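In: Quick check, what structure comes out for this input:
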Amino acid sequence: MNSKEIFEATVDKIIFYNQDNHYTIAKVIDTIRGKNIVVTGTFIDLHEGEHVKIWGEWITNKKYGPQIKVNNYIAITPNTIEGIKKYLASGLIKGIGPAMAERIVKRFGTQTIEIIENSIERLKEVDGIGEHRVSIIKTAWEEQKDIKDIMMFLQEKGVSVTHAVKIYKTYKKKAFEILKEDPYRLSYDIYGIGFKTADTIALKLGISPHSVQRAKAGIIYVLRERATHGNTYFPYLPLMEITTELLQTEDHVVYDGMNVLEKERKVVRTEDSENNNIVYLSLLYDAEKNVAKNIHRILSSNSYNSESDIAINSSYGAFDFTYEQKEAIRRARKEKIVIITGGPGTGKTTITKALIQLFKQDGLSVALCAPTGRAAKRMQELTGTEAKTIHRLLEFQPKTRTFLYNGENRLKTDVLIIDEASMLDITLANDLFQSLVSETKVVIIGDVDQLPSVGPGNVLRDFISSSSLPCVFLKEIFRQKDDSHIIRNAHKINQGIFPETDNSLHTKSDFFFLECESAENILEEIKKVFIQKEQLKNSFGLHSYPQVLCPMNKGLLGTMTMNSELQKLMNHNYAGVTRGSRTFHVDDRVIQLKNNYDKDIYNGDIGVIKNIDQDLQEIMVNFEGKIVSFEFNELDELDLAYAITIHKSQGSEYESVIVPVHTQNFMMLQRNLIYTAITRGAKLVILIGSRKALELAITTNKIERRFSGLKNCLQDTIKNL
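Out: Numbering: from 1, shown residues only. Presented below is the predicted three-dimensional model:
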């Protein structure tokens, strides 16, 4: 059987759809013959109920029998009651779900499509549709018409439906113009579209693989990629080699691209302290220089200071400060900028509370901030004083993507206390320090042994290693937290010593190591702990089930597999919405994957799905009291959070954590990773894995090498003070 067919049909059921390449298997009903036919091929955004004209040929699949391989198709507006009803109920139009589609078609019959197209206000004749719902439907209807054209164009360029929607949402009707002018903009402007996707589109649009435009985009991509691994710059020659290999082009093309980028000042080529040629993205070069310049500006200005130990003792006369703590408080009151660093239990919170009280007694205004929402919330809970994220402190303006407080309009506060400073990257540090008036005292608090920031730079470590700023190291464990094994073991691990462990869960301890050799057994043991969640809650005074912290995303013990397994175990709400390999249900724990300034939520924020509205195509997520709405096409910003990476947990504190430890993650098994993970647990820490893997992690004390020039900038700028 291999005959050509041209026929019209109604899509009855989508059997299979691959979101990446649009390959679809669907059952359709031939509108003339009434015959059920299985069709296979590439379809853009095909929906059940949709009416299509198909060009194809019969083939015989060995397993599934006769079917039509589709060569081309066009969408046709359905014209039967059932066809229209199914078409509208498919989720194609935001604001219309199955129940609403039933009511609309009951009211307007075969005229429904014409009414939506030409007299949409009449939809208010349908029960449950008001002005707001009409507006939603009208926008969605117009968008889906525009987006069909863009999708058909992008289909030929190998772009997924998800990416096509994002391109349309970002550029609207300018999409064609922007794609033809500079398709590489996609990788800069749109979250989830990387260089390789943009490059594929560019090449299919006719851009030469050996063009300077492509070379420029390749260099920027490689530098941005290195920045995601913490580097503010990269050595020149390796950068040229990597880009040439990536683009599979000639050396001279990449060198020409570099020269143009330098002239446009999109990159800065300079030398490091050892006279090696290096290249910065100009944004990161300027950020390092500006941080050093603004710290110099603040240090050069006078401000109130008091070194009185009497004030310390009179404020906390009944409190037994250690010498280290008194020294930290004294230096903070004396110096313009001071760094206080130490591990858990060394009194950082006590010092912060004392400083707040002492500064306020002196009549000074005090502002508290931290890099993330969870860190700021924790700071506020521990100190009893309002704390804000740096974005909220500087009053980020979503419409302009700028801060209200900046180098031209500076924030006036006598004292600024920054917590969890290990999370501070160079761009955020630049935004913060340029926004402070010169008279501000700055107290920087953090644990330098934690993992460095997710963003580019090594800010806290560079501050300390530059020896340009006063620094107090807290080493004495002051707070045992009722003889907390978590705190004691955190310090042991940080010193390279194997922790004191219990191997069975009981209330005499708060730190456990359950030994398992195979990855499969570790996964099963974690699931067993989750099954005991109610018993754990009662025994350890917990309010929720544990947070799993994984070294990696991939693998049997990575977040992807762990989330899938734990979701099946913990959530039996089967109705949900699927995007790619992930399905979201009501009551799922989820994590935000990027900063979304419009929604005022940030990378690493964790929430719980409270509602899924199939009609409005929205998910409502409760981020610790803040309800945020996501459209279905925004769901790549979210991931399940039964398990998250240890990197994502920075700055957060959870009642209880579980950490899988296995040699399959040997590339990530390092001391600061395990140290960071266990210091996230407040009441209970459970390590599950092999002793060999834990020993390997504890004895591997490699500090992640990051290319960062801040240390040298500080030394060069501040040396003459």
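
In: and the next element down the chain from the helix or strand bottoming out on mean pLDDT in the chain?
Out: Of all the helices and strands that make up the chain, helix 309-315 has the lowest average by mean pLDDT, DSSP states H and E, namely a mean of 52. Using DSSP states H and E, the helix or strand that follows helix 309-315 in sequence is helix 323-334.

In: Counting neighbours, which bits of that next one end up buried?
Out: By neighbour count with 16 or more other C-beta atoms under 10 Å, helix 323-334 contains the buried residues 324-333. (Glycine included, C-beta is placed from N, CA and C.)

In: Tell me the helices and strands packed up against the next helix or strand after that helix.
Out: Next in sequence after helix 323-334, counting helices and strands by DSSP H and E, comes strand 337-342. Contact here means 3 or more C-beta pairs under 8 Å, 6 or more residues apart in numbering; DSSP states H and E; on that basis strand 337-342 packs against helix 282-299, helix 323-334, helix 348-361, strand 441-446, helix 459-465, strand 471-474.

In: Packed most tightly, which of the ones you listed would that be?
Out: strand 441-446 (a mean of 25; mean count of other C-beta atoms under 10 Å).

In: For that strand, give me every contacting residue.
Out: Residues outside strand 441-446 that contact it (C-beta atoms under 8 Å, 6 or more residues apart in numbering) are 298, 303-305, 332, 335-341, 348, 351-352, 355, 359, 364, 414-424, 436, 460, 463, 469.

In: and the angle from it to strand 337-342?
Out: 20 degrees (axes from the mean of the first three to the mean of the last three C-alpha atoms, to 10 degrees).

In: Let me see the mean pLDDT of strand 441-446.
Out: For strand 441-446, mean pLDDT rounds to 97.

In: Can you give the distance of the longest helix seen in the chain from its chain's centre?
Out: Identified as the longest helix of the chain according to DSSP state H is helix 131-155. Centre-to-centre, helix 131-155 and its host chain are 28 Å apart (C-alpha atoms, centre = their mean, to the nearest Å).

In: Likewise for stretch 214-230?
Out: For stretch 214-230, the distance to the chain centre is 19 Å (C-alpha atoms, centre = their mean).

In: Now do the buried residues in it.
Out: In stretch 214-230, counting by 16+ other C-beta under 10 Å, buried: 214-224, 226-227, 230.

In: Among these, which ones are in helices?
Out: Per DSSP H, the buried residues of stretch 214-230 map to helices at 214-224, 226-227.

In: Tell me the one among those residues nearest to Q111.
Out: A217 (49.8 Å; C-beta to C-beta).

In: I'd like to know how far the residue nearest to the spatial centre of the chain sits from I609.
Out: Nearest to the geometric centre of the chain sits L593, at 2.1 Å (C-alpha atoms, centre = their mean). Remark: distance between L593 and I609 (C-beta to C-beta, to the nearest Å) = 15 Å.

In: repeat for K492
Out: From K492 over to I609 (counting by C-beta to C-beta), the distance is 39 Å.

In: Of those two, give the one with the bigger neighbour count.
Out: Per other C-beta atoms under 10 Å, whichever of K492 and I609 has more neighbours is I609, with 23 against 16.

In: wait, what's in contact with the nearest residue to that one once chain neighbours are set aside?
Out: Excluding the flanking residues, the one nearest I609 by C-beta to C-beta, 6 or more residues apart in numbering is D588, at 4.9 Å. Residues in contact with D588 (C-beta under 8 Å, 6+ apart) are 567, 571, 573, 576, 608-609, 640, 642.

In: Out of those residues, which sit inside strands?
Out: Using DSSP state E, 576, 608-609, 640 are the members of the contacts of D588 that sit in strands.

In: Check the residues you listed and tell me the two furthest apart.
Out: So, the ones in strands among the contacts of D588 by C-beta to C-beta: farthest apart are G576 and V608, at 13.7 Å.

In: Specify which member of the ones in strands among the contacts of D588 is nearest to T200.
Out: Looking across the ones in strands among the contacts of D588 and measuring by C-beta to C-beta, the closest to T200 is L640, at 28.9 Å.

In: Quick check: that closest one touching V590?
Out: Yes: at 6.0 Å, L640 counts as touching V590 under the criterion of C-beta atoms under 8 Å.

In: who touches both of these two?
Out: By C-beta under 8 Å, 6+ apart, the residues touching both L640 and V590 are F584.

In: Apart from its neighbours in sequence, what residue is nearest Q592?
Out: Closest to Q592 by C-beta to C-beta, 6+ apart is D605, at 4.4 Å.

In: And for that neighbour, the neighbour number?
Out: Around D605 there are 26 residues (other C-beta under 10 Å).

In: can you pull the pLDDT of it?
Out: Value listed for D605 in the pLDDT field: 88.

In: Which of the buried residues of helix 323-334 sits closest to G689?
Out: E324 (34.6 Å).

In: Look up how far T346 lies from the closest one.
Out: Using C-beta to C-beta, we find E324 at a distance of 7 Å from T346.

In: can you list residues touching both of the two?
Out: If you check E324 and T346 against C-beta under 8 Å, 6+ apart, the residues they both contact are 474-476.

In: List buried residues within the ones in strands among the contacts of D588.
Out: Of the ones in strands among the contacts of D588, these count as buried by 16+ other C-beta under 10 Å: 576, 608-609, 640.

In: Make JSON lines out of those and add distance to L46 and pLDDT.
Out: Listed next are those as JSON lines, based on distance: C-beta to C-beta, whole Å; pLDDT from 0 to 100:
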{"residue": "G576", "distance to L46": "21", "pLDDT": "83"}
{"residue": "V608", "distance to L46": "33", "pLDDT": "94"}
{"residue": "I609", "distance to L46": "27", "pLDDT": "95"}
{"residue": "L640", "distance to L46": "27", "pLDDT": "95"}
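
In: okay if I get those residues as JSON lines plus distance to K94?
Out: Output for those, formatted as JSON lines (distance: C-beta to C-beta, whole Å):
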{"residue": "G576", "distance to K94": "17"}
{"residue": "V608", "distance to K94": "23"}
{"residue": "I609", "distance to K94": "18"}
{"residue": "L640", "distance to K94": "24"}
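
In: Would you map the strands across the stretch 551-700 of the chain?
Out: 576-579, 582-585, 589-592, 606-613, 618-623, 626-631, 638-640, 643-645, 654-661, 681-689 (DSSP state E, counting those that start in this stretch).

In: Any chance of CSV for these, columns distance to N672?
Out: Written out in CSV, the entries for the strands of the stretch 551-700 of the chain read as follows (distance: least, C-beta to C-beta, whole Å):
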stretch, distance to N672
strand 576-579, 33
strand 582-585, 30
strand 589-592, 21
strand 606-613, 22
strand 618-623, 28
strand 626-631, 31
strand 638-640, 24
strand 643-645, 14
strand 654-661, 13
strand 681-689, 16
